[in-house]
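S.K.: sequence? don't have it. structure:
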């Protein structure tokens, strides 16, 4: 049944003799046995590569990975060690397409018997065995996102056209999401698993109890993601979504009532993530740096809302070793900072035209068990009655210390945690003319600038709202669970702190 | 399920139930409660509300707000709504001289799923008042006696508004030449997007054709194809004629000989104001019907002008 996709021979190039290669150039092999060293240093090139088991995979996808190995200039000058390293790298690249089983890879190497082979080089025939993952997978289960648990059914159609394209269709319902349907088609670009283009369609209905309403979303996005040389992830995105703020609670505040209804957001965005943490669920060393930028409604983007929005997050942790002990102590000190700003822009091209202040579904929310702990979800920032109505500028920070649990030790995913965290979330400040007549929403550019400036200034006005506490952290591979006891130290009237126990489940924590 | 807590402050020790032998499982132990009472250590001034909220709602700290279909600018300046039902209640409130604000809105904001509704001042209550309870609200606020229930005669005339309503719906929502007006009234305040606008407009039109069909008793028909245009306008003409006759009988110039215009006047004004202001064009027939009702003496037009003058600024 196996259908090989084999590549023809490529190299018969000029030989370099074995003794011209300086072993000192290969410090990586130092310390190995001389015999292996000598073997790895013999000149070798690839005569052919065959891939077995890639039944549904397009030849061109495999060519893109393996052809350079055979036809590239390096093939005629390489040693056996280098050749094996290149085959290994190509195989790892193949595995990143996520269409082959991790444990299904096998490589078989034999000496090519070609009549016109050069005498001073070993020519190799390489056979790589792969096992394709199922093309059609249906799963159902439960999932944890930030501050939400959900149940889902998911259908994945893998490798649809043989070029590692994936179509994923997902339906879920959760503690906050009433229903969500999502279809995502993604494909590698140019046969490169590290550059992917994805088209996404979404329809969902989510409860927002902290602001007494439901939000219905219907939209789509086009995303281009790639991995930079420094292993940072970039994502460029175009996003169009129809938002409907509806299903208001009987006691919804005037602010929420005023924002109820339809709006269209069209935006472009960029996300940059550099994650150098040892374990994202329980970071004890390393750092994370992330920026999210979004431009909505300006120029050709159109839509009903226009703003520039940017968010920056950085966090890090340092392990502490106990004096006199060389083993991992499991003790670490970590910290994180998150800031964000929303700047209203005029719709269209004219930057001197008036802009409209932000709506509740575009503003930031702050506070919650996976965010600024010791506050309710959306507990910080401006409140209208019981509704958290969000802000245009925020800054939040946290420090925490993780300690291993006695007897469980440093290798257990369980930690004792001490923390203090706080933040400010403020809305754009502007003097509003009130009264029965003469109210207007549009703001002149200078007024917007002054408003944002005074909001940023307000961040440092007085103590931030702060809470501190202690608790347990359990790092499961899919999510992090926290059980904390905390008390609010500083807060503003209207803000909702939480005294006592608080459970947090999520994938990213401040 | 994402958060669980034992934060609900239990009654203070003094007000505890006198039966300590059966403490609630979730009661916070006394010492812990004492600790909780010390926190937060510092409480600062509240955060200011966002600008959009301040513009749209800050004046509602002291004034009630009527949520209506309208453009942002018109609603903020108290101009008449472009929806007959909203305009009816807006007119009635205005006639009652109660100061109130209007806010541009959509059905999504309403507790009943339709506009208008009245939100009392923020400082008083956050419970919205549906339109049907507005007369009671007015009588409470103005300390006048509750308006008596409509007499049988009034009720009979109330039914004359139905054919006018159906003809109005048909003209605005289902006559292609009024489609730009429909867009200006209902779509432009919601969205500037042509794609979303088209979706919303088709939803509106299909809802309107459903309402007209239902009003005509044609439940089993679907779409505007089943609607008999001529019949619709003939019935509206008949109703307008009857109203004009009724008005001619009134000594005060208001319906049923009342001293001041009342709920019935406001209800008819909701339609006639929109017809005369926006729909009295050659391609529409309603304007002509209103002008010609009562034998071409312009009875209804005169009544409309008089009420408009009373409202001031309309």
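M.R.: Thanks, I have it. Computed from a predicted model, the values in this text were never measured in an experiment.
S.K.: Spell out which residues make up each domain of the chain.
M.R.: In the absence of a named chain, chain A is used. Using automatic domain parsing, the domain parsing of chain A gives A:5-129, A:136-506.
S.K.: switch to chain B, that's the one I care about
M.R.: Under automatic domain parsing, the residue ranges defining each domain of chain B are B:61-142, B:152-311.
S.K.: where along the stretch 51-200 of chain B do the helices fall?
M.R.: Using DSSP state H, counting those that start in this stretch, the helices found in the stretch 51-200 of chain B span residues B:51-57, B:72-76, B:84-95, B:134-142, B:152-158, B:161-174, B:179-182, B:194-215.
S.K.: out of those, nearest to residue A:297?
M.R.: helix B:194-215 (13.2 Å; C-beta to C-beta). Where C-beta positions appear, they are placed from N, C-alpha and C, glycine not excepted.
S.K.: Following the chain onward from the closest one, which element is next?
M.R.: Once helix B:194-215 ends, the next helix or strand along the chain (criterion: DSSP states H and E) is helix B:229-249.
S.K.: which stretch in the domains of chain B has the least confidence?
M.R.: Of all the domains of chain B, mean pLDDT reaches its minimum on domain B:152-311 (a mean of 84).
S.K.: gap between the two ends of that one?
M.R.: Chord length of domain B:152-311, first to last residue, is 28 Å (C-alpha to C-alpha, to the nearest Å).
S.K.: now check it, is it near chain A?
M.R.: Yes. Between domain B:152-311 and chain A, judged by C-beta under 8 Å from any C-beta of the partner chain, the touching residues are B:190-193, B:195-196, B:199-200.
S.K.: Same list (those) but as a markdown table, adding distance to residue A:301 and neighbour count.
M.R.: Rendered in a markdown table, the data for the residues of domain B:152-311 next to chain A read as follows (distance: C-beta to C-beta, whole Å; neighbours: other C-beta atoms under 10 Å in any protein chain shown):
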| residue | distance to residue A:301 | neighbour count |
| --- | --- | --- |
| B:190 | 18 | 20 |
| B:191 | 14 | 19 |
| B:192 | 12 | 18 |
| B:193 | 11 | 21 |
| B:195 | 13 | 13 |
| B:196 | 14 | 22 |
| B:199 | 19 | 16 |
| B:200 | 20 | 19 |
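S.K.: May I see the helices of the stretch 51-200 of chain B organised as CSV, with distance to residue A:142 added?
M.R.: CSV is the format used below for the helices of the stretch 51-200 of chain B (distance: least, C-beta to C-beta, whole Å):
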stretch, distance to residue A:142
helix B:51-57, 37
helix B:72-76, 44
helix B:84-95, 46
helix B:134-142, 48
helix B:152-158, 56
helix B:161-174, 46
helix B:179-182, 46
helix B:194-215, 34
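S.K.: ok so, going back, comparing the domains of chain B, which comes out most buried?
M.R.: Each of the domains of chain B was given a mean neighbour count from mean count of other C-beta atoms under 10 Å in any protein chain shown, and the largest, a mean of 19, is that of domain B:61-142.
S.K.: Next, see if that domain gets close to chain A.
M.R.: Yes. Interface with chain A: domain B:61-142 contributes B:63, B:65, B:67, B:72-73, B:76-78, B:99, B:101, B:103, B:105-106, B:108-109, B:111, B:119, B:122, B:126-128 (C-beta under 8 Å from any C-beta).
S.K.: and that domain, how far out from the chain's middle?
M.R.: For domain B:61-142, the distance from its own C-alpha centre to the chain's C-alpha centre is 6 Å (C-alpha atoms, centre = their mean, to the nearest Å).
S.K.: Same question for stretch A:201-216.
M.R.: Shown here is stretch A:201-216, whose average C-alpha point lies 22 Å from the average C-alpha point of the whole chain (C-alpha atoms, centre = their mean).
S.K.: Ok, stretch A:499-510 next?
M.R.: Averaged C-alpha coordinates place stretch A:499-510 at 20 Å from its chain's average position (C-alpha atoms, centre = their mean).
S.K.: for stretch A:330-349, same thing?
M.R.: 15 Å.
S.K.: which one of the residues of domain B:152-311 next to chain A is nearest residue B:251?
M.R.: residue B:190 (44.8 Å).
S.K.: Packing partners of the strand or helix carrying residue A:217?
M.R.: Counting by DSSP H and E, the element that carries residue A:217 is strand A:213-227. With contacts defined as 3 or more C-beta pairs under 8 Å, 6 or more residues apart in numbering or on different chains; DSSP states H and E, the secondary structure elements packing on strand A:213-227 are strand A:192-208, strand A:233-246.
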